[in-house]
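Asks: here's my sequence, what's the structure:
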Amino acid sequence: YGIALSEGAVPAVDARLLDQFPDYADLRDGSARERITVADALTMRMGTAWDENLPYTDPRNSEIAMERAEDRYRFALSRPMVAEPGTTWAYNGGAVALIAKLIADGTGQDIAEFARTRLFDPLGIKRFEWVGGKDGVASAASGLRMTARDLAKIGVRVAQGGTYEGREVVPASWLEASFQRATSILPGFDYGYLWYLAKGPGGDQILIAQGNGGQRLTVQPRVGFVVSTFAGNYNDPAAWQTAVRVLVEFAVPEVGRHRQK
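Replies: Modelled structure (predicted):
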C-alpha cells in the first residue's frame, strides 16, 4: 500500500473506506460504519464483527465465510458494527482484502501483478504463487506462497529502510509510519500497519509478521537481524511455538557466537 500511495494510486490513510466503494452505497446506514478509514483497515480496528479464532476449516470462521461469499468486499464491509472504528483490534482478513482491492482499483493491476512488478521483481524474487478464491481474485489475507529465503529478502529490505542496491523499493517514510504503535494487543505486544510490534533487549524494536501454521518473519532493524521460519502446522493453536523456538534457541545464539568471533 505504501508503494501505491507514493505513486498517487490509492487514497490517503485518513480517507473514509466506504467512500472508496461507491457500489455499496446501500451500506451507508448512518452507523459508525461510515467513519471507518483506510487506516482502520490497515491497523485491523474497523470495529466490525469478525472472528478468525475458529479453525480455518470451520465455515463460521469469518475469513472462510468471506471467501465463500458471492462478493468478498461487500461481506467485509457489511459486518455488524460492534465497536467505534479505531478503538478495538481484532485480527481481520477482510480488512486486508479491502486494502488489496484499493490497490487493484487504483493501479489497474491485481494485487499479485502489482506485487510482482513493484516488489518481487526488484528484489529478484521469481518464484511465488498467490492463490485465488472462487472468484479468481487473489486471497490477499492468506494466499501468498513463496520460499522462506525470499521472505527473508523482504525482511532484509525492511531492516535496510526499504532500499535494495541503492534503490528505494518501499518508501522509508511508509515503513516508519507502519511501525508506529497503533494499538496494544497484549502487554509489550503491539500492532501497526499490518505488522506486529515488540521490544527486544535494550528496547530495540522488533517487527513480526506471522501466519497460520507457524510461518513467521522477525526483523530487528537496528542490528539487521532477520529470521524467516516456515512450519506448516496449519490450524494448530500451538504452531507459533515452533517458530519462536527456532528464533530463541537457534537463531539468536548463533548470531551471538558469530559476534564473539
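Asks: now A209: which helix or strand?
Replies: If you go by DSSP states H and E, A209 is part of strand 205-211.
Asks: typo on my end, it should be V13
Replies: Going by DSSP H and E, V13 is not in any helix or strand.
Asks: quick one: it and V38 touch, right?
Replies: Yes: with contact defined as CB atoms under 8 Å, V13 reaches V38; the gap is 4.8 Å. C-betas here are computed from N, CA, C, even on glycine.
Asks: quick one: which of those two has more around it?
Replies: A count of neighbours by other CB atoms under 10 Å puts V38 above the other of V13 and V38, at 24 against 18.
Asks: mind listing what that one touches?
Replies: Going by CB atoms under 8 Å, 6 or more residues apart in numbering, V38 touches V10, P11, A12, V13, D14, A15, L17, Q20, I99, L102.
Asks: for the second one, helix, strand, or coil?
Replies: Going by DSSP: H, G, I helix; E, B strand; the rest coil, the secondary structure assigned to P11 is coil.
Asks: cool, the last one as well?
Replies: Taken by three-state DSSP, the conformation at L102 corresponds to helix.
Asks: returning to that earlier point: what is the mean pLDDT for the strand holding A209?
Replies: Average pLDDT, strand 205-211: 94.
Asks: parallel or antiparallel, list what pairs with that strand.
Replies: According to DSSP bridges, strand 205-211 forms sheet pairs with strand 196-199 (antiparallel), strand 215-220 (antiparallel).
Asks: what about the ones you listed, which gets the closest to D26?
Replies: Of all the strands paired with strand 205-211, it is strand 196-199 that lies closest to D26, at 35.1 Å by CB to CB.
Asks: run the chain-centre distance for that closest one.
Replies: Centre-to-centre, strand 196-199 and its host chain are 14 Å apart (CA atoms, centre = their mean, to the nearest Å).
Asks: then stretch 233-250?
Replies: Per CA atoms, centre = their mean, the centroid offset for stretch 233-250 relative to its chain is 19 Å.
Asks: stretch 109-120: end-to-end distance?
Replies: One end of stretch 109-120 sits 14 Å from the other (CA to CA, to the nearest Å).
Asks: mind listing the helices for the stretch 51-200 of the chain?
Replies: Using DSSP state H, counting those that start in this stretch, the helices of the stretch 51-200 of the chain run over 62-68, 72-78, 93-107, 111-115, 148-159, 172-178.
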